[in-house]
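okay, here's the prediction I keep looking at, along with the sequence it came from:
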Amino acid sequence: TSGRTIARRRYRLPDGGYTETESDITERVQAEQSAKSNEALFNAFMVHTPNLITIKDLDGKYLHVSQQFCELYDLQPEQVLGRYPNEILDPEIAEAIMSGDQLTIEQQRAWNHEITVDSASGPKTFMAVRFPVKDDSGSDIAIGAIATDITDIQEQQALLAENEERQRLTLEAVGSGGWDYDVESGEIRASDRLFDLVGYKRGEIDSNALWTESHIHPDDLPRMREAFVKHVKGESKFYECELRVQHKSGHYIWLLMRGAAVSHDDQGRVTRIVGANFDIDDRKIAEQALLQSEQQFRGLVEGSIQGIYIHNIESIFFANEASARIFGYKNPQEFMSLDSVYDLYPEHELDRIKGYAQRRMRGEKPPQQYEFDGLKKDGKIIRLQTVARQITWKGKNALQIVVVDITEQHRAEMALNLSERRYRRLFEAAPV
């Protein structure tokens, strides 16, 4: 009907006829389809990205991993998900990962570091970024990490360190472009790969500091200049900055610029910096995908006609608009201010609901789907259908409850049952 999805339920009447009830479930169907599409996109990215990507809960257990992560450690996803690093990885690597996660939570910011892993083809070095994943309120909900293989780049930088004389830069590994910057003249000698990254061929542009600054995104230029000043003053070990550079086609690409001073004049001033630019577009896309996924989840929950609330036996941590509406509260804030989640249930349901919740929190498996009587703010009893499951919420065990108001449907069923009983009594009392 006009593009709407209607759920109909037919009941047979004692006289042989039928009665029907119907409800509009368009929004629910659309939300479910959108959620499936988003999940498919996210899974496809995790399978095909060349980077190592992991998402862990605040306890440090893996929630999502990319295919490259599994291949590096020769593991299947089911051997990784739900486990801690020290349960599946070499102790030294596991300790480094867990320490990095702890530092991420403590510092409350994204940070880069290098990590070396023994693989079947030999040691590999990765440039990793770790970052806290936050919800709309700014609270931590997960720990993300994205690592790019820079083994070839690191080896090439070692060769440059051994020979400080100008040579043809050999930083042509995937994701990097080498450069040699003459601070006094402003000239930059760049590798072919660096030109490729921004869509040009050698000779098409002036390779100097002026051209470079004119093609850096205006929002990133102050940060680049600040990093340069700190390095030439000796306040940082590396000249390092993430920035956007305009491609020949007009769009911007994300690069990680990393270099170090290799020569100074008689007064100690930096005269030459050698380094490389790393293509981090995939990482930035992944970060945006994580943010978008979180926003889509939030939008899906807030726009759902189903009531969704999260609690830990007593306190309610989260509730959407539909939950407040179903139970007769003005808004989610009033709903969550209840002294106890059990204020939502009438006395005759308390023992059953408490028993289910306590068993589920202990890891047991009580019924996941069931019906129960709920108690509205005004004291009215409503009939609800629910799906309950145990989740991790901000690093702690909690219960997610999804409810649908089926009061009218329940009343119709009760009326039908009453009618059938009356008909049966009349039939049984009739003379033969």
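Here it is on my side, so go on.

so, low pLDDT: which residues of the stretch 201-350 of the chain?
For the stretch 201-350 of the chain, applying pLDDT under 70 flags the ranges 289-304.

can you map out the helices along it?
With DSSP state H, counting those that start in this stretch as the definition, the stretch 201-350 of the chain shows helices at residue ranges 209-214, 221-232, 281-302, 321-326, 332-336, 347-361.

show residues contacting the fourth one.
Outside of helix 321-326, the residues within contact range by Cβ atoms under 8 Å, 6 or more residues apart in numbering are 302, 304-309, 330-332, 334-335, 374, 382, 384, 403, 405. C-beta: built from backbone N, CA, C; applies to glycine.

can you check the last one too?
For helix 347-361, the external contacting residues (Cβ under 8 Å, 6+ apart) are 312-313, 342, 345, 365-367, 370, 372-373, 388-390, 397, 399.

flag every buried residue along whichever helix or strand comes after it.
Using DSSP states H and E, the helix or strand that follows helix 347-361 towards the C-terminus is strand 369-375. For strand 369-375, the neighbour count (16 or more other Cβ atoms under 10 Å) marks 372-375 as buried.

what is strand 369-375 packed up against?
Helices and strands touching strand 369-375, by 3 or more Cβ pairs under 8 Å, 6 or more residues apart in numbering; DSSP states H and E, are helix 347-361, strand 381-393.

quick one, that strand and strand 381-393 angle?
120 degrees (axes from the mean of the first three to the mean of the last three Cα atoms, to 10 degrees).

alpha carbons of strand 369-375, as CSV, please.
C-alpha atoms of strand 369-375 as CSV (Å, rounded to 0.1, in the frame of the first residue of the first chain):
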residue,chain,number,x,y,z
GLN,A,369,12.5,-14.3,22.9
TYR,A,370,9.4,-14.2,25.1
GLU,A,371,6.3,-12.1,26.0
PHE,A,372,5.7,-10.4,29.3
ASP,A,373,3.5,-7.8,30.9
GLY,A,374,5.1,-4.3,31.3
LEU,A,375,4.2,-1.5,33.6
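
strands paired with it, and their directions?
Looking at strand 369-375 with DSSP bridges, its partner strands are strand 381-393 (antiparallel).

just the mean pLDDT for the strand it pairs with, thanks.
Here strand 381-393 scores 89 as its mean pLDDT.

over to stretch 24-43?
Per-residue pLDDT values across stretch 24-43 average out to 71.

got it, and stretch 117-130?
85.

what's it in contact with?
For stretch 117-130, with Cβ under 8 Å, 6+ apart as the criterion, the contacting residues are 52, 72, 74, 90, 93, 100-101, 103-104, 110-116, 143-151, 154, 256, 278, 283.

filter those down to the buried ones.
If we count by 16+ other Cβ under 10 Å, the contacts of stretch 117-130 have these buried: 52, 72, 93, 100-101, 104, 115, 143-151, 154, 256, 278, 283.

for residue 190, report the pLDDT, please.
Residue 190 is assigned a predicted lDDT (pLDDT) of 81.

check contacts around it.
Residue 190 neighbours (Cβ under 8 Å, 6+ apart): 169, 177-180, 207.

from those residues, which land in strands?
Residues of the contacts of residue 190 located in strands (DSSP state E): 177-180.

nearest to residue 132, of the residues you listed?
residue 177 (30.0 Å; Cβ to Cβ).

can you tell me the closest non-neighbouring residue to the closest one?
In space, and not counting its chain neighbours, residue 177 is closest to residue 194: 2.8 Å by Cβ to Cβ, 6 or more residues apart in numbering.

what's the farthest-apart pair in the contacts of helix 347-361?
373 and 397 (26.3 Å).

got a list of contacts for the helix or strand harbouring residue 103?
Element membership for residue 103, per DSSP H and E: helix 91-107. Helix 91-107 is contacted by residues 56, 58, 60, 84-86, 88-89, 110-111, 113, 115, 117, 128, 130-132, 140, 143, 145 when judged by Cβ under 8 Å, 6+ apart.

list the buried ones in that helix?
Here helix 91-107 shows 93-94, 96-98, 100-101, 104 as buried, counting by 16+ other Cβ under 10 Å.
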